[in-house]
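J.: With the sequence up front, the predicted model follows.
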Amino acid sequence: MKTIPRIVIAGTHSGCGKTTVAGGIMAALTSRGLKVQPFKVGPDFIDPSHHTRICGRASRNLDPFMMGEEGVARTFNQATTGADIAIIEGVMGLYDGIDGTDFASTAHVARLLDAPVILVVDVKGMSRSTHALIHGFSGFDTTITIGGAILNRVGSLRHRQMIEDSLSIPSLGWIQKREDMAVKSRHLGLLMAHETVQMAGLGEIIEEFCDLDAIISCAGSACKSTPDRKVSTRKHRKPTIAKIGVALDNAFCFYYQDNLDLLRSLGAEILFFSPLQDSIPEVDALYFGGGYPELHLPALESAQCTRELKSRVDRGIPVYAECGGLMYLTREIKTDKTYKSCGVLPARVEMTNKIEALGYVKGESRGNVSFLPSLQHITGHEFHYSHLHPDHDAQFAFRLTRGKGIDSGKDGLVSGNAVGTYSHAYFTDSFARTFIDAAYHFSKV
């Protein structure tokens, strides 16, 4: 494990302000000239988009469920190359993991990385009770080092003093209650980085009201305690053997950076294109990630890519699509009205006003598509407000042992060489390799 300075920004619960604090610390450190490598615990796509914009370095997810513990360490080691400090934003409350356990929690990741924790505490409506809360978090798991607290939504200087005078851990700063600092959200979470400027200026607030030098010192304490353990790395990048077109615009923007890097390392050249504006590039396979196609349906309905895609699929091009990409490949999507889509997959989509599925997924492929041989392992996450109505004779690529998928554990709707899944998968080497091989073989047809 690298001995780079590192700190985990954790919260007492979701909504306590850890995204605001983490983004502000990243911005303040970047303004000081440090090369900050950002990370996000868990499967989230949206917070990393803000991190990436602030730091100018691709934010990475750290998720023991999807990646395995070894994968967390490997991603951390590889991503921090050339960085001065690593800032890791947690997920939910510090100790909240899968099914009420510690596994895949912020604490789990902090323990794996030997990283001290800064606890963000929302103190609105509290004074002395803050100490009971912090005492509970500090003593609950003695394998976690809580290096200090940042008090959020402080009402006044008097409010701050009432709390700070008796803190049992170092106070690393305070942020006054300001409604304009909250990043706006929609049904899938916060707005993406390209949709808002609300995180601009957070660095100045952190610099003014928090002890940034003490935060840096706390992060540096990891270098003194982290043992020098070897972590496996992937082999050097292979020569390019196939071109993969990746949809990237305001409608399709949910990708794990590790997935794209893995495809490149195994011989894929990535060509980004916009289904909203571009025709389909001359590539050997296509990858449509998740995002917000439902917000751009009139433009997608008339887009050249939408008109072209089915003919490409009919010619055999391998296509992998996730969530929003799955929706895009169906015949139609219904919101306030019904919009025609690509017509690749035998289904129609209906947007709903409630969460249809949320949580981790795990399963295996069923072997009915060329680039997904039987028993190909899948781990990932699902989160959507839409419902898919597949044809009665539809075929599926995956059987999930955890998660809902499209229909009662069946996921990965198939048509020819096209697969659309509600699961956002964290790619295995095996999956990436077979997808690239399928692209290579298509290029030779």
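T.: Structure's in. What do you need? Numbers count the residues shown, from 1 in each chain.
J.: so the residue lying closest to residue 402 once chain neighbours are set aside is in which element?
T.: Closest residue in space to residue 402, ignoring its immediate chain neighbours: residue 362 at 4.1 Å, by CB to CB, 6 or more residues apart in numbering. C-beta coordinates here come from the backbone N, C-alpha and C atoms, glycine included. Assigned by DSSP states H and E, residue 362 falls within strand 357-365.
J.: next helix or strand past that strand?
T.: Downstream of strand 357-365, the next assigned helix or strand under DSSP H and E is strand 377-384.
J.: Does anything pack onto the next helix or strand after that following strand? Which helices or strands?
T.: Per DSSP H and E, the first helix or strand lying C-terminal to strand 377-384 is strand 386-390. The contact analysis (3 or more CB pairs under 8 Å, 6 or more residues apart in numbering; DSSP states H and E) places strand 386-390 against helix 324-329, strand 347-351.
J.: for the residue nearest to residue 402, what are its contacts?
T.: Each residue near residue 362 by CB atoms under 8 Å, 6 or more residues apart in numbering is listed here: 378-380, 400-403.
J.: Look up which residues are beta-bridged to it.
T.: residue 379, residue 402 (DSSP bridges).
J.: Do you know the pLDDT at it?
T.: At residue 362, the model reports a pLDDT of 97.
J.: just residue 368 next, same as before
T.: 81.
J.: likewise residue 238?
T.: For residue 238, the predicted pLDDT is 85.
J.: how close does the residue nearest to it when sequence neighbours are not counted sit to residue 318?
T.: Spatial nearest neighbour of residue 238, chain neighbours left out: residue 267 (4.3 Å); criterion: CB to CB, 6+ apart. Residue 267 is 14 Å from residue 318, where distance means CB to CB, to the nearest Å.
J.: More neighbours: these two, which one.
T.: residue 318 (29 against 19; other CB atoms under 10 Å).
J.: surely the more buried one meets residue 434?
T.: No: the criterion here is CB atoms under 8 Å, and residue 318 misses it with residue 434 at 9.5 Å.
J.: Touching both of the two, which residues are there?
T.: residue 371.
J.: so where is the stretch 301-445 of the chain shaky, pLDDT-wise?
T.: Residue ranges of the stretch 301-445 of the chain with pLDDT under 70: none are present.
J.: Please identify the deepest-packed of the helices and strands packed on strand 386-390.
T.: helix 324-329 (a mean of 29; mean count of other CB atoms under 10 Å).
J.: Report the beta-bridge partners for residue 387.
T.: Residues in beta-bridge contact with residue 387 (DSSP bridges): residue 350.
J.: Contact partners for it?
T.: So residue 387 contacts 349-350, 352, 356 (CB under 8 Å, 6+ apart).
J.: mind redoing it with 6 Å?
T.: Contacts for residue 387 (CB atoms under 6 Å, 6 or more residues apart in numbering) come out as 350, 352, 356.
J.: From residue 393, how far off is the residue nearest to residue 402?
T.: 26 Å.
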